[in-house]
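# next one to model:
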Amino acid sequence: MNASELRGKDKAALSKELDELLKAQFSLRMQAATQQLSNSSQISKVRKDIARVKTVMTELKMKGAV
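Model (predicted):
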């Protein structure tokens, strides 16, 4: 997921995307804890996607404040 793709979405879509990513992160953490996770690099990818979504949400918030 690119930041440019996220910038095209509205606030509600970004919020929904963030919720889905947080659920995916929780699921991956549980799989890692029970040693069922085969590809551990997925955790870092999801973390970076969460950071991208939060960054775009902050940009939108700052744009509305100015």
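
# ranges for the strands of this protein?
Under the criterion DSSP state E, the chain contains no strands.

# quick check: longest helix in it by residues?
For the chain, the longest helix by residue count, based on DSSP state H, is helix 41-65.

# for that helix, packing partners?
helix 3-7, helix 11-33 (3 or more CB pairs under 8 Å, 6 or more residues apart in numbering; DSSP states H and E). From N, CA and C alone the C-beta is placed, and that goes for glycine too.

# got the contact list for stretch 52-66?
M1, N2, A3, L6, R7, K9, K11, L14, S15, E17, L18, L21 (CB atoms under 8 Å, 6 or more residues apart in numbering).

# burial measure for the closest residue to the first one other than its chain neighbours, as a count.
The one in question is M1. Computed as CB to CB, 6 or more residues apart in numbering, the closest residue to M1 that is not its neighbour in sequence is D49, at 5.3 Å. Around D49 there are 18 other residues, counting by other CB atoms under 10 Å.
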